[in-house]
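Colleague: I need the structure of the sequence given here:
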Amino acid sequence: PVGVPGPVGREGRAAQAKWKQCAWSEESDLDNGVIKACNFTKSEESTHLHVRYSGNLRVGGCSNCCKRWFFTFNNRECTSPMGIDAAIYLVGPSNENLLRPRTVE
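Modeller: Residues are numbered from 1 along each chain as shown. This next block holds a predicted model:
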């Protein structure tokens, strides 16, 4: 059986997009510095931002070295709850140019 209709709800806001994609297909030979800047504006203080990079990371031209990739927001690394980064180690003498697909989030 169908029940009695409930009271009319309060008026709300129109639905907004819940995600934004920042993508590019240009190659970069940068060894350090900003690779790509993507601007986002949060609509509410209480919301969260999920960040993900999917693509190739390269380690080359070094021996016994560590390369690190990380995200910054307003030119600062995240500290709460923790940073968003990836590190790749290259052990031993090497002239390799390791290019590997990775996801950092």
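Colleague: shaky segments in the chain?
Modeller: 14-17 (pLDDT under 70).
Colleague: That one: strands as residue ranges?
Modeller: 53-60, 65-70, 72-73, 76-77, 85-90, 97-104 (DSSP state E).
Colleague: okay if I get these as JSON lines plus distance to Leu30 and mean neighbour count?
Modeller: Where you see a C-beta, it was placed from the backbone N, CA and C, and this is true even at glycine. Formatted as JSON lines, these follow (distance: least, C-beta to C-beta, whole Å; neighbours: other C-beta atoms under 10 Å):
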{"stretch": "strand 53-60", "distance to Leu30": "10", "mean neighbour count": "14"}
{"stretch": "strand 65-70", "distance to Leu30": "11", "mean neighbour count": "13"}
{"stretch": "strand 72-73", "distance to Leu30": "15", "mean neighbour count": "12"}
{"stretch": "strand 76-77", "distance to Leu30": "18", "mean neighbour count": "10"}
{"stretch": "strand 85-90", "distance to Leu30": "16", "mean neighbour count": "13"}
{"stretch": "strand 97-104", "distance to Leu30": "14", "mean neighbour count": "11"}
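Colleague: These: which one's closest to Glu26?
Modeller: Of all the strands of the chain, it is strand 53-60 that lies closest to Glu26, at 11.6 Å by C-beta to C-beta.
Colleague: Run through the neighbouring helices and strands of that closest one.
Modeller: Counting contacts by 3 or more C-beta pairs under 8 Å, 6 or more residues apart in numbering; DSSP states H and E, strand 53-60 packs against strand 65-70, strand 85-90, strand 97-104.
Colleague: what does the last one contact?
Modeller: The contact list for strand 97-104 (C-beta atoms under 8 Å, 6 or more residues apart in numbering) reads 52-61, 69, 71, 84-86, 88, 90.
Colleague: Perfect, that will be all.
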